[in-house]
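[1] This is the structure alone, sequence omitted:
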Ligand code: SD4
């Protein structure tokens, strides 16, 4: 039986490498998502997810996360949660609730506390330094404060044919307190149906939500599109629509997989990357870019991977 897993951004590589061995042996799609996303949340040098994530305007780390089960269509989501170690685990637990499965702020924190989730101060010294260095230029010079934030979004298919999706992010750097992006919003940041496939997005949440992009990709796959075609069509359509109606489009990048383990990725930028593994594919990082309305990608070279590691470790020095 086939299995597969795909995620946005290089930062998912370690988690995916770890869980792909277990998916091969029968790990469930749900546990694979939780474990692989926890690995990203726990890594202090990724400044856009979990511990070490960059703060909002008030220098507070507010985290968004979601989990969806493609068999039952149950989902759990949290927005703006502070000081809990693994938002993905809270979202996964919430997906068991019939009601109140999307909680924000204090409500999400109360739920996490009552259910015994581990508290942790998620604001690192490195993140404070980055904030202090950038706050002047971003606020005073009127520069865009929102650069450099990447969400981990991941879709898994297990050997029983079940699919799940998860997201986790600190959202946009210097966002307003209480701002919630697409990542915990079903249909926008994520969507999965085990009878079809799943999709997840990264980029400017405010624009991703205008196209319900993840649902749109799953809908196109249901109509018979290969995941690559579905991803390309959905990204290009939203990109063009935003340009036509608003004069510009924010960053839009997506990955998707169908229930046969076939996958796709699309972007409207020139530097997106993603990680994929499957029955016939060792964990690999791909570099993607948009060329004339089509996404092209190739495996990352060793030089790129080495440079990435160096950059991450020095990123907030
Ligand atoms: C958000 N989509 O909160 C997230 C941020 C992100 O690449 O993915 N940036 O809008």
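    That came in fine, so what should we check first? None of these values were measured; they are calculated from a predicted model. Numbers count the residues shown, from 1 in each chain.
[2] use CA for all of it now, contacts and neighbours both
    Will do.
[3] Now do the contacts for residue 236.
    By C-alpha atoms under 8 Å, 6 or more residues apart in numbering, residue 236 lies in contact with 268, 293, 294.
[4] Is the closest residue to the second one other than its chain neighbours inside a helix or a strand, and which specific one?
    Excluding its sequence neighbours, the residue lying closest to residue 293 (C-alpha to C-alpha, 6 or more residues apart in numbering) is residue 236, at 6.3 Å. The secondary structure element spanning residue 236 is helix 227-246 (assigned by DSSP states H and E).
[5] Show the average pLDDT along that helix.
    Average pLDDT, helix 227-246: 98.
[6] Report the separation between the residue nearest to residue 312 when sequence neighbours are not counted and residue 10.
    Counting by C-alpha to C-alpha, 6+ apart, residue 312 lies nearest to residue 45, which is 6.2 Å off, once chain neighbours are set aside. For residue 45, the distance to residue 10 (C-alpha to C-alpha, to the nearest Å) stands at 13 Å.
[7] Likewise for residue 275?
    6 Å.
[8] Check the contact lists of the two and give me the overlap.
    Shared contacts of residue 275 and residue 10, defined by C-alpha under 8 Å, 6+ apart, are found at residue 285.
[9] So the two - more neighbours on which side?
    residue 275 (25 against 21; other C-alpha atoms under 10 Å).
[10] any idea which helix or strand comes after the host helix or strand of the more buried one?
    For residue 275, the enclosing helix or strand under DSSP H and E is strand 272-278. Once strand 272-278 ends, the next helix or strand along the chain (criterion: DSSP H and E) is strand 281-291.
[11] Which parts of that following strand count as buried, going by neighbours?
    Within strand 281-291, the residues scored as buried using 16 or more other C-alpha atoms under 10 Å are 283, 284, 285, 286, 287, 288, 289, 290.
[12] how near is the residue nearest to the first one when sequence neighbours are not counted to the ligand?
    With sequence-adjacent residues excluded and distances taken as C-alpha to C-alpha, 6+ apart, residue 283 is closest to residue 277, at 4.3 Å. Here residue 277 is placed at a distance of 21 Å from the ligand (C-alpha to the nearest ligand atom, to the nearest Å).
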